[in-house]
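> below is the sequence, then the predicted model.
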Amino acid sequence: MQLTLAPFLTRADAEGDMGHLGIAVSGGSDSTALLLLAQDWAQDTGRKITALTVDHGLRDGAKAEAEVVAQLCARLGVDHHILTWDDWDGQGNLQDAARQARYGLLAQKAHGLGIDAVALGHTHDDQAETFLLRLARGSGVDGLSAMRADWRGQGMRWLRPVLTQRREGLRDLLRARHVAWCEDPSNFDPKFDRVQMRQAMGDLADLGLTADRLVTTATAMSEARAVLERAAHLAAKVLCHIEAGDVVIDPEGLMDLPLETRDRLVAGALGFVSGATYRPRRATLTRAIEEALDGQAATLHGCLLWRHKTGLRVTRELSAVAGLVAAPNALWDGRWRIKGADGPTTDGPTTDKTREIRALGEGISQLKDWRAGGIPRQTLMVTPAVWHQSCVIAAPIAQESDIWRLETRPEQNDFAASFLTH
């Protein structure tokens, strides 16, 4: 049977809002096959695709593999961009940091190119391997649930169009079209947990634990997760509201919830504010919640979790946005846009290029009446402001402006709904 993405992408594009699709292509067989299938779909539908390759810089051959993808895209007539990760601080789990960076780089570039969704090349085999990995780590319902085929994170829509396909079937497609792929040496290195799981799959299949059986179980766990997320959704409608980009939670009501719902609610708030694709580890999350409820601020997932007289607040961490810069009208931190109501030059003689959107930060000291709105200082400091060099021109959340207005993506105003849509 001929492989095609048409059924999946037709459903994903039911509202006709996916005119430009990004394809994450590492150069491996899965993502390379995804690229070819996406090109078939684009040619049939007249849609645009753009390939994105992340070079993590973690091994010598990575740059060459990215160039191989670039050459393939040139032959196919597909736009291609190489994104480089070069700011790992050497702290924490390298693979997790690389994964988070990969999603961040892809989302940032996709926003800049006007891409509506990014497709990833995860397969049926990845589903089974991931289930085993998480089972070995003692994961709960979320960790053991099947990968999502369509979700939002970091202000971007993500798709997995080949999630039901087997890796060998995709390789057959590449062989039939005489397209080579790159082999990452780490895929054969037994020091990596995923490689160990992949090697163990043959023995497990003899015991009845086939890839199909593992994926079936993961799907059942997804159904359980949906029930739990519905409970968190209902709790969020009662206990939470949005203020200046923060999720504000009623602490007393939070403490009355079952622990599973409590942790899920706060994890959802952290993801909602930070745009992070994955939730924090359960033990770390539980400890942070308990510290915050006791009055000790905790930093987690690029957010500050802290208790205020208005409630338990989930605020963007200043260090996470301190280096973010955007032009007026561009998306900042995946959530905000500041636009000039009468054009970009109505507030003085400076030109467009001298203005930029940055976090308000210590610029709050330039505002005389920032306290008037009753919004906490920590919250205001991580909201966007229009800067001209070292001067704050406008900070629409802290002070009303007749010239500059703030816009947010519609989904950023409904935290409760995020449990049903991600």
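Sure, I can see it. Numbers count the residues shown, from 1 in each chain.

> go through the chain and flag its longest strand.
strand 48-55 (DSSP state E).

> only alpha carbons, please: show that one as CSV.
This file holds the C-alpha atoms of strand 48-55, laid out as CSV (Å, rounded to 0.1, in the frame of the first residue of the first chain):
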residue,chain,number,x,y,z
LYS,A,48,4.1,25.3,1.2
ILE,A,49,6.6,23.3,3.2
THR,A,50,9.9,24.3,4.8
ALA,A,51,12.5,21.9,6.2
LEU,A,52,14.2,22.7,9.5
THR,A,53,17.3,20.9,10.8
VAL,A,54,18.7,21.4,14.3
ASP,A,55,22.5,20.9,14.6
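
> contacts for the helix or strand containing residue 72, please.
Residue 72 is part of helix 62-76, with elements assigned from DSSP states H and E. Residues from elsewhere that reach helix 62-76 (CB atoms under 8 Å, 6 or more residues apart in numbering): 25-27, 32, 35-36, 39, 51, 53, 55-57, 79-80, 82, 179, 182, 184. In this view, the C-beta of every residue, glycine as well, is placed from N, C-alpha and C.

> so which of the residues you listed belong to strands?
Using DSSP E, those in strands are 51, 53, 55, 79, 80, 82.

> my read: residue 200 touches residue 132, true?
Yes: using CB atoms under 8 Å, residue 200 is in contact with residue 132, at 7.4 Å.

> who has more neighbours, the two?
Between residue 200 and residue 132, counted using other CB atoms under 10 Å, the more crowded position is residue 132 (22 against 14).

> and that one, what is it in contact with?
197, 200, 201, 204, 214.

> avg pLDDT for the host helix or strand of the third one?
With the criterion set as DSSP H and E, the secondary-structure element containing residue 201 is helix 193-206. Averaged across helix 193-206, pLDDT comes to 82.

> how about that helix: buried residues?
Neighbour-count burial for helix 193-206, counted by 16 or more other CB atoms under 10 Å, picks out 194, 197, 198, 201, 204.

> same deal with stretch 363-375?
Neighbour-count burial for stretch 363-375 [16+ other CB under 10 Å]: 363, 364, 367, 370, 375.

> tell me the one of those nearest residue 293?
Closest approach to residue 293 among the buried residues of stretch 363-375 (CB to CB): residue 375, at 21.7 Å.

> what sits against residue 409?
155, 335.

> any low-confidence regions in the protein?
1, 56-60, 87-97, 185-189, 341-353, 421-422 (pLDDT under 70).

> any idea how it splits into domains?
The record's domain parsing of the chain by automatic domain parsing lists 6-122+160-209, 232-318+414-421, 319-412.

> how far off centre is the one helix or strand residue 221 maps to?
Residue 221 is part of helix 211-239 when elements are defined by DSSP H and E. Distance of helix 211-239 from the chain centroid (CA atoms, centre = their mean, to the nearest Å) equals 19 Å.

> same check, this time on stretch 4-11
With CA atoms, centre = their mean, you get 23 Å for stretch 4-11.

> what does that stretch contact?
18, 21, 34, 37-38, 40-41, 44-45, 149, 159, 161-162.

> rewinding a little: restrict the helix holding residue 72 to CA atoms and write it as PDB.
What follows is helix 62-76, C-alpha atoms only, in PDB (Å, rounded to 0.1, in the frame of the first residue of the first chain):
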ATOM      1  CA  ALA A  62      26.300  16.500  13.000                       C
ATOM      2  CA  LYS A  63      27.100  19.500  10.800                       C
ATOM      3  CA  ALA A  64      27.800  17.300   7.800                       C
ATOM      4  CA  GLU A  65      24.500  15.500   8.300                       C
ATOM      5  CA  ALA A  66      22.700  18.900   8.300                       C
ATOM      6  CA  GLU A  67      24.400  19.700   5.000                       C
ATOM      7  CA  VAL A  68      23.300  16.400   3.500                       C
ATOM      8  CA  VAL A  69      19.700  17.500   4.400                       C
ATOM      9  CA  ALA A  70      20.300  20.900   2.800                       C
ATOM     10  CA  GLN A  71      21.500  19.200  -0.400                       C
ATOM     11  CA  LEU A  72      18.500  16.900  -0.500                       C
ATOM     12  CA  CYS A  73      16.200  19.900   0.000                       C
ATOM     13  CA  ALA A  74      17.900  21.800  -2.800                       C
ATOM     14  CA  ARG A  75      17.300  18.800  -5.200                       C
ATOM     15  CA  LEU A  76      13.700  18.700  -4.100                       C
END
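
> tell me which residues in the helix or strand containing residue 8 are buried?
Counting by DSSP H and E, the element that carries residue 8 is helix 6-12. Buried residues in helix 6-12, defined by neighbour count with 16+ other CB under 10 Å: 8, 9, 12.
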